[in-house]
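Novice: The sequence and its predicted three-dimensional model are supplied below.
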Amino acid sequence: MKNILTVDVEDWYHICDIEHILPPSQWDQCESRILVNIEKILSLLGRFRVKATFFVLGYVAQKTPEVLNMIHGEGHEIASHGYGHVQVYKQNPEAFLQDLLRSKALMERMIGQTVIGYRAPEWSICGAPQLTPQFPQILQQAEPVEAEPSSIELRRATRLMRLYPRIKTWPSAKEGKGKRDSYWALDLLAQNGFLYDSSIAPLRFIGIPDAPTTPYTLSTSHGEIREFPPLVMGSPLGNIPIGGGWGLRIFPYRTIRGAIERKNRKGQPALIFCHPTDFDPSPPEMNLPWIKRFVCRGKIKTMEERLARLLSDFEFASISEFMFKESGRDF
Ligand SMILES: [Zn+2]
């Protein structure tokens, strides 16, 4: 059973909601750490002969084209992470489209291939799906995630889940609070040639809490689009993010392994995601609020070893490879 491995290709300072600490106008002056960290990921994937999907930020592709060329040269899939790393719900449809097409055109020119996949910064396609009446039906079909964590893990998760809302309530995030409707973005993705998206997290604070936890198809006014959610673990508190970020770093390895095994037993793939910074033991210092520091940097030393264990215990593929196997169509 093939699982899905994805990497968001962005540098250590591409963190949402820190404009008051580091405005995008200062990105050009920041030290670039991406090359050395991407090399670590590529060498790990090379060792295990795994191809992954790399959601490349347009800004990174433009500033350090060698990074994109290196990933593409090793046969991995290139997809888009947008250009300027702004959450979708903070943009209007015109700005989103401009950002999306800028990154798509840039990367297609560089690799000479069509880009068919998109991931929004911080899983920011969310909001009420009024535009697509099919969505509630899909939710009904989705099977509930069973709660199987042990009591210790549940206690740990409870503590983390209580902390989590604070990430979204510190002052700089206020502009993104309130109405978080960005579901319209799926129409624009389908209209502009994207065959899949991986931007809807089945999570309470950053996504659509009841969204399906396995790949599913959504209908838009411009045709269907396949959605690839990240691995989560069900619990009475709601889904816990363990497929990437702090959840992947903080929970014991056997918890992550158990969650993937349970999914695979049901014939479902687990989607794992990581970032180059996760592999950087000493990224440059930044004056982040402590909770953001924990979310972005907590326990980073374990990531290289953790990914190696995942690669040795499970089989992984890129999203386009998975879709090809699923449908028998070449992408
Ligand atoms: Zn990102």
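Specialist: Perfect, thanks for sending it.
Novice: Which residues of the stretch 51-200 of the chain lie near the ion?
Specialist: Counting by Cβ under 5 Å from the ion, the stretch 51-200 of the chain comes close to the ion at P121. Backbone N, C-alpha and C define where each C-beta goes, glycine included.
Novice: which residues in the stretch 51-200 of the chain form helices?
Specialist: Remark: helices assigned in the stretch 51-200 of the chain by DSSP state H, counting those that start in this stretch are 58-63, 65-73, 93-111, 134-141, 151-167, 185-191.
Novice: I'd like to know which of those helices has the weakest mean confidence.
Specialist: Looking at the helices of the stretch 51-200 of the chain, the lowest mean pLDDT belongs to helix 134-141 (a mean of 47).
Novice: okay, and for the protein, where does confidence drop off?
Specialist: Under the criterion pLDDT under 70, the flagged ranges of the chain are 128-179, 300, 329-331.
Novice: now the strands for it?
Specialist: Ranges of strands within the chain are 2-9, 53-56, 77-80, 117-118, 196-197, 216-220, 223-227, 232-233, 240-241, 271-274, 315-317, based on DSSP state E.
Novice: Tell me who's in contact with the residue of the stretch 51-200 of the chain found nearest the ion.
Specialist: Per Cβ to the ion, P121 is where the stretch 51-200 of the chain lies closest to the ion, at 4.5 Å. Counting by Cβ atoms under 8 Å, 6 or more residues apart in numbering, P121 touches H14, C16, H81, G82, H85, V86, Q87, V88.
Novice: Find the nearest non-adjacent residue to the most centrally placed residue in the chain, please.
Specialist: Centroid-nearest residue in the chain: F273, 5.6 Å away (criterion: Cα atoms, centre = their mean). Take F273 and drop its neighbours on the chain: the residue closest to it by Cβ to Cβ, 6 or more residues apart in numbering is G244, 3.6 Å away.
Novice: What's the separation between the one you found and the ion?
Specialist: Distance, G244 to the ion, by Cβ to the ion, to the nearest Å: 11 Å.
Novice: Tally up the residues packed near that residue, please.
Specialist: G244 has 21 neighbouring residues, counting by other Cβ atoms under 10 Å.
Novice: go on, L231?
Specialist: 26.
Novice: which residues does it contact?
Specialist: Contacts of L231 by Cβ under 8 Å, 6+ apart are T213, I242, G243, G244, A259, I260, K263, A270, L271, I272.
Novice: how near is it to F314?
Specialist: 11 Å (Cβ to Cβ, to the nearest Å).
Novice: what residues are shared contacts of these two?
Specialist: Overlap of the contact sets of L231 and F314 (by Cβ under 8 Å, 6+ apart) consists of I260, A270.
Novice: Pretty sure the residue nearest to the centre of the chain sits against P230.
Specialist: Yes. Shown here, F273 and P230 form a contact pair, counting by Cβ atoms under 8 Å, at 5.7 Å.
Novice: shared neighbours, the two?
Specialist: With Cβ under 8 Å, 6+ apart, F273 and P230 have common neighbours G243, G244.
Novice: Just give me the neighbour total for the closest residue to E10 other than its chain neighbours.
Specialist: Counting by Cβ to Cβ, 6+ apart, E10 lies nearest to L57, which is 4.5 Å off, once chain neighbours are set aside. Number of residues near L57 (other Cβ under 10 Å) recorded here: 25.
Novice: Would you check that my belief about L57 contacting P24 is correct?
Specialist: No. Using Cβ under 8 Å as the test, L57 is too far from P24 to be in contact (11.6 Å).
Novice: anything in contact with each of those two?
Specialist: Contacts common to L57 and P24, judged by Cβ under 8 Å, 6+ apart, are H85.
Novice: before we move on, the earlier item: of the contacts of L231, which pair is most distant in space?
Specialist: Maximum pairwise distance among the contacts of L231 (Cβ to Cβ): 14.8 Å, between G244 and K263.
Novice: How many residues are close by the nearest residue to M303 once chain neighbours are set aside?
Specialist: Distances taken as Cβ to Cβ, 6+ apart place D278 nearest to M303, at 4.3 Å, with adjacent residues excluded. Look at D278: counted by other Cβ under 10 Å, it has 26 neighbours.
Novice: buried subset of the contacts of L231?
Specialist: Those of the contacts of L231 that meet the buried threshold are T213, I242, G243, G244, A259, I260, K263, A270, L271, I272, by 16 or more other Cβ atoms under 10 Å.
Novice: quick one: which of the residues you listed is nearest the ion?
Specialist: The closest of the buried ones among the contacts of L231 to the ion turns out to be G244 (Cβ to the ion; 10.6 Å).
Novice: Identify the residue nearest the residue of the stretch 201-331 of the chain at minimum distance from the ion in space, chain neighbours excluded?
Specialist: Closest to the ion within the stretch 201-331 of the chain is H275: 6.9 Å, counting by Cβ to the ion. With Cβ to Cβ, 6+ apart as the criterion, H275 has its nearest non-adjacent residue at 5.1 Å, and that residue is D8.
Novice: For R119, see how far away the one you found is.
Specialist: Using Cβ to Cβ, we find D8 at a distance of 7 Å from R119.
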